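build me a structure from this.
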Amino acid sequence: MTTASDAPSTAETWSPRLWGTLVVLCAALFLDALDVSMVGVALPSIGTDLHLSTTALQWVVSGYVLGYGGLLLLGGRAADLLGRRRVFLAALAVFAGASLLGGLVDDGGLLIATRFLKGVSAAFTAPAGLSIITTTFTEGPARNRALSIYTTCGASGFSLGLVLSGLLTSVGWRWTFLMPVPVALIALVVAARLLPRPTAPERGPGGYDLAGAVTGTGSLLLLVFTVTQAQSVGWASARTLGSLLAVAVLMALFLVIEARTAHPLVRLGIFRNGGVSRADLAAMALFGSYAGFQFIATLYLQRLLGWSALEMALGFLPAGALVALSATRMGAVVDRFGTARLLPLGVLSLTAGYALFLRLDEHSGFLGLVLPSMVLLGIGFALAFPSVNIAATNGVDDNEQGLASGLVNTAMQVGSAVVLAAATAVITAGSHGDQSPRAQLDGYRPALLLVTGVALAGLLIAAYGWLVERRAASPATATLAPATLAAAGPATTATPGIATAGIPGADGRTDADGPAPAGADTGGRPQQRQARSTSPARATASDRATSEEEGDERRVLAER
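Residues are numbered from 1 along each chain as shown. Alright, predicted model coming up:
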């Protein structure tokens with residue numbers, strides 16, 4: 001429950017406090033993205049200074065992914081149960097402390113531990129921050145605008161991190177860890193003053209699903225650990241196969257527990273909302289394909305073409321610049337065209353960018369190869385990133401916004417880990433360990449084909465969502481008579497020009513595979529609610545009389 005001043009905003013003009021809240025949340029996401037991209041460029045210097053092997057150095061990255069991807073669902077549900085403001089502030093404080101320790105340690109094991117701790121903190125700040133936005137800004141134009149700015153800050157932080165890391169690493173790799181500390185502390189102080197304070201105790205409805213938390217979190221942690229290790233121990237090794245079997249067993253137990261417990265960590269009925277499910281799958285393909293592409297492109301540009309870290313960062317800059325420049329306009333674009341149209345267009349642009357990069361050879365240049373792909377990637381992310389976040393949280397109750405946010409972020413991280421591990425395995429198999437230019441290309445090309453195929457799968461999912469919305473809004477559906485809608489049952493609602501057939505959930509709510517529940521934003525565009533409910537409990541006397549007359553007519557026809 002929020003105070004009046006903190007109620008969800010629908011006004012076109014936001015107050016300074018509302019803008020400040022959004023800026024603080026954007027700053028936290030910006031720092032998370034900045035940290036991920038900066039450490040990647042600093043890895044060679046870290047390995048040299050701390051005398052880390054290639055396997056140990058991998059865990060500087062994988063430790064973060066393990067903490068982040070493994071605990072996102074728990075972080076999202078914790079935000080719903082313990083309070084989004086409380087969880088966000090605590091996790092941001094942990095991020096600042098872990099960043100400071102990471103910049104001061106002289107031991108590789110301690111550095112990896114701080115990276116895992118930062119991943120854990122991001123697993124709580126990301127869903128808490130996203131759910132604060134979705135509960136502060138009303139579903140529709142206000143939320144679309146806020147989410148567009150929020151997601152753009154994340155993409156911009158990643159792009160800027162590539163450039164900053166090149167500059168900071170030349171001074172010393174420790175600055176890539178220390179630089180975010182003062183920014184995080186300032187954001188923490190401002191957030192404590194600006195984030196909405198609930199008038200009731202910060203605890204959501206429901207209990208603590210400890211068994212679900214153990215099995216669900218354990219399965220995700222083991223899955224991320226397995227795919228990050230598979231490239232070094234082998235995908236067909238007994239260790240990898242045994243770990244994957246354990247993941248399947250834990251996930252099966254998790255699903256059984258969630259189906260039977262009164263207050264589950266993940267209410268399985270949320271997946272009956274087709275828009276949410278498709279958005280999560282599209283997010284998995286979107287981020288998985290990009291993680292694989294960035295890894296391939298980094299190796300190609302630095303190892304084969306001999307680019308420096310700073311040159312590579314500047315080469316990726318056009319994509320980030322396009323995303324940043326679109327920040328203030330994407331909300332209006334989503335309002336006009338809807339996420340159902342923009343998401344497939346964005347993924348199509350990404351797929352085309354990956355396909356163009358397949359032209360790589362031993363002498364490719366920036367203008368001929370890199371720039372066209374970067375432009376397409378920038379356009380694709382500008383359209384797809386806000387759209388997938390909006391679609392993944394639309395039509396979800398406020399008390400489950402943390403869960404929805406955790407699900408979409410989990411999909412992104414699991415997709416990134418799996419596709420990155422698969423791309424690495426393909427590169428290794430294709431090059432056969434040979435470092436000659438021709439052998440490297442033989443590894444990069446099939447890996448790029450894999451990445452393009454993953455993006456194409458995401459395109460098909462997004463296109464199917466667009467077809468579902470078109471079918472729901474077709475003239476044949478819109479011309480259903482009011483009596484027919486009333487006869488459809490209590491779970492059916494109607495909006496002008498659109499009929500929505502609901503599927504009752506186990507808990508009594510309706511999650512439809514198609515347009516979101518009444519009052520929700522379908523395809524990113526606000527709809528008017530029907531002035532009169534078609535539920536029998538709210539029907540007028542004339543409605544009931546009409547239904548009785550129709551029932552009598554059907555009985556007469558049956559007797560004949």
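
what sits up against stretch 248-261?
Stretch 248-261 is contacted from outside by 209, 211-212, 215-216, 218-219, 222, 264-268, using C-beta atoms under 8 Å, 6 or more residues apart in numbering. Every residue, glycine included, has its C-beta placed from N, CA and C.

er, stretch 227-244 I mean
Under C-beta under 8 Å, 6+ apart, the answer for stretch 227-244 is 55, 58, 62, 65-66, 222, 225-226, 417-418, 421, 424-425, 428.

can you list the buried residues in it?
227-231, 240, 243-244 (16 or more other C-beta atoms under 10 Å).

Pro141: which of these is nearest?
Here the nearest of the buried residues of stretch 227-244 to Pro141, counting by C-beta to C-beta, is Val227; it sits at 39.3 Å.

now stretch 409-423 - C-alpha only, PDB.
Included here for stretch 409-423 are C-alpha records, laid out as PDB according to Å, rounded to 0.1, in the frame of the first residue of the first chain:
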ATOM      1  CA  ASN A 409      15.700 -11.300 -16.000                       C
ATOM      2  CA  THR A 410      16.200 -15.000 -15.300                       C
ATOM      3  CA  ALA A 411      15.400 -15.800 -18.900                       C
ATOM      4  CA  MET A 412      17.900 -13.200 -20.100                       C
ATOM      5  CA  GLN A 413      20.700 -14.600 -17.900                       C
ATOM      6  CA  VAL A 414      20.100 -18.200 -18.500                       C
ATOM      7  CA  GLY A 415      19.900 -17.500 -22.300                       C
ATOM      8  CA  SER A 416      23.200 -15.600 -22.100                       C
ATOM      9  CA  ALA A 417      24.900 -18.400 -20.200                       C
ATOM     10  CA  VAL A 418      23.700 -21.300 -22.400                       C
ATOM     11  CA  VAL A 419      24.300 -19.600 -25.800                       C
ATOM     12  CA  LEU A 420      27.700 -18.300 -24.700                       C
ATOM     13  CA  ALA A 421      28.800 -21.700 -23.600                       C
ATOM     14  CA  ALA A 422      27.500 -23.300 -26.800                       C
ATOM     15  CA  ALA A 423      29.200 -20.600 -29.000                       C
END
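
so where's the stretch 101-250 of the chain uncertain?
198-208, 231 (pLDDT under 70).

would you list every one of the strands in it?
Remark: no strands are assigned in the stretch 101-250 of the chain by DSSP state E, counting those that start in this stretch.

ChimeraX command to pick out the buried ones of the contacts of stretch 227-244?
Here is the ChimeraX command that selects the buried residues among the contacts of stretch 227-244 (16+ other C-beta under 10 Å):
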select :58,62,65,66,222,225,226,417,418,421,424,425
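
the contacts of stretch 227-244 into TSV, with extra columns for distance to Gly47 and secondary structure?
Output for the contacts of stretch 227-244, formatted as TSV (distance: C-beta to C-beta, whole Å; DSSP: H, G, I helix; E, B strand; the rest coil):
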residue	distance to Gly47	secondary structure
Thr55	11	helix
Gln58	10	helix
Ser62	14	helix
Val65	18	helix
Leu66	19	helix
Leu222	27	helix
Phe225	21	helix
Thr226	24	helix
Ala417	21	helix
Val418	25	helix
Ala421	20	helix
Thr424	17	helix
Ala425	22	helix
Thr428	19	helix
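
report the two of the contacts of stretch 227-244 separated the most.
Leu222 and Thr428 (22.9 Å).

what's the one helix or strand Leu299 maps to packed up against?
Leu299 belongs to helix 274-299 when assigned by DSSP states H and E. Under the contact criterion of 3 or more C-beta pairs under 8 Å, 6 or more residues apart in numbering; DSSP states H and E, helix 274-299 touches helix 309-325, helix 339-357, helix 371-393, helix 401-431, helix 437-472.
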